[in-house]
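Student: would you be able to build a 3D model of this:
(chains A and B)
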Amino acid sequence: QQQVKQSPQSLIVQKGGISIINCAYENTAFDYFPWYQQFPGKGPALLIAIRPDVSEKKEGRFTISFNKSAKQFSLHIMDSQPGDSATYFCAASPRAGANSKLTFGKGITLSVRP
Amino acid sequence: DVKVTQSSRYLVKRTGEKVFLECVQDMDHENMFWYRQDPGLGLRLIYFSYDVKMKEKGDIPEGYSVSREKKERFSLILESASTNQTSMYLCASKTLPGTGQYFGPGTRLTVL
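Tutor: Residues are numbered from 1 along each chain as shown, chains lettered A, B, ... in the order given. A predicted model of the protein is given here:
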């Protein structure tokens, strides 16, 4: 049973466009939602994260939108650049518990065309 | 900056060999994790540790064991490597619950 589902499976966007990646979760105990970015040959790197007490968080060209009632969150990349081409993972975890762990989506590959 | 290092970037082993993958973090993090990453399957948790000498099974622990003798070091052991363990192995660490994990660069293991 996949607890965090990403869509679409892959995405191709023109330079300057908006990339939108969606995630849906099932576990209502989740209350920390990070996005990771992974370039080929590298480990995933934390990009941006949100907690459910806010509906949106913006860092530069990257924005997370969060819809608690729908149990969905999404990553928006504004003015997409070829350097944004990477694999993106959403994840979720409960905050409480010393041994809380992240549940990851399967990842999507973003290609930004020049 | 948090730094998570892994002992090898690439490793080639033969079926039946015992394989050790080492991970070291320099930020005094309590929690450490081992994942494997395969195309189309995303990141799958093998084992994690929330304290020295403590370990818990993840989603796919079969064929693996771990060791955490010191806080900064978390080792993944393949007791008898098999070809279906060919994969990218990623180590991660984090501190408080509900915070982000920091990943190492990964070890690409090939078992022949």
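
Student: what residues does chain A put near chain B?
Tutor: Proximity of chain A to chain B, by C-beta under 8 Å from any C-beta of the partner chain, involves residues A:31-32, A:34, A:36, A:41-46, A:49, A:51, A:89, A:93-102, A:104-107. To be clear about C-beta, it is placed using only N, CA and C from the backbone, and glycine gets the same treatment.

Student: rerun that using 7 Å as the cut-off
Tutor: With C-beta under 7 Å from any C-beta of the partner chain as the criterion, chain A meets chain B at residues A:31-32, A:34, A:42-46, A:49, A:89, A:93, A:95-102, A:104-107.

Student: chain B: strands as residue ranges?
Tutor: For chain B, applying DSSP state E gives strands covering B:4-6, B:10-13, B:19-25, B:31-38, B:42-51, B:54-57, B:64-70, B:73-78, B:87-94, B:102-103, B:107-111.

Student: any chance of TSV for those, columns distance to chain A and mean neighbour count?
Tutor: Below are the strands of chain B laid out as TSV (distance: least, C-beta to the nearest C-beta, whole Å; neighbours: other C-beta atoms under 10 Å in any protein chain shown):
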stretch	distance to chain A	mean neighbour count
strand B:4-6	8	19
strand B:10-13	10	13
strand B:19-25	11	20
strand B:31-38	7	23
strand B:42-51	4	20
strand B:54-57	6	14
strand B:64-70	13	16
strand B:73-78	14	20
strand B:87-94	5	24
strand B:102-103	3	24
strand B:107-111	9	18
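
Student: out of those, which is closest to A:Asp84?
Tutor: With C-beta to C-beta, the closest approach to A:Asp84 among the strands of chain B belongs to strand B:102-103: 18.7 Å.

Student: from the chain's centroid, how far away is the closest one?
Tutor: 11 Å (C-alpha atoms, centre = their mean, to the nearest Å).

Student: averaged over its residues, what pLDDT does it have?
Tutor: The pLDDT scores in strand B:102-103 average 93.

Student: ok, residues contacting it?
Tutor: A:Gly43, A:Pro44, A:Ala45, A:Leu46, B:Val2, B:Val4, B:Leu90, B:Ala92, B:Ser93, B:Lys94 (C-beta atoms under 7 Å, 6 or more residues apart in numbering or on different chains).

Student: neighbouring strands of it in the sheet, and parallel or not?
Tutor: In the sheet, strand B:102-103 lines up against strand B:87-94 (antiparallel) (DSSP bridges).

Student: mind checking which of the residues of chain A next to chain B are in strands?
Tutor: Checking the residues of chain A next to chain B against DSSP E, those in strands are A:Pro34, A:Ala45, A:Leu46, A:Ala49, A:Phe89, A:Phe104.

Student: need the strands of chain B in a markdown table (columns: distance to A:Gly83).
Tutor: What follows is these, written out as a markdown table (distance: least, C-beta to C-beta, whole Å):
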| stretch | distance to A:Gly83 |
| --- | --- |
| strand B:4-6 | 23 |
| strand B:10-13 | 25 |
| strand B:19-25 | 27 |
| strand B:31-38 | 22 |
| strand B:42-51 | 23 |
| strand B:54-57 | 37 |
| strand B:64-70 | 35 |
| strand B:73-78 | 32 |
| strand B:87-94 | 22 |
| strand B:102-103 | 19 |
| strand B:107-111 | 23 |
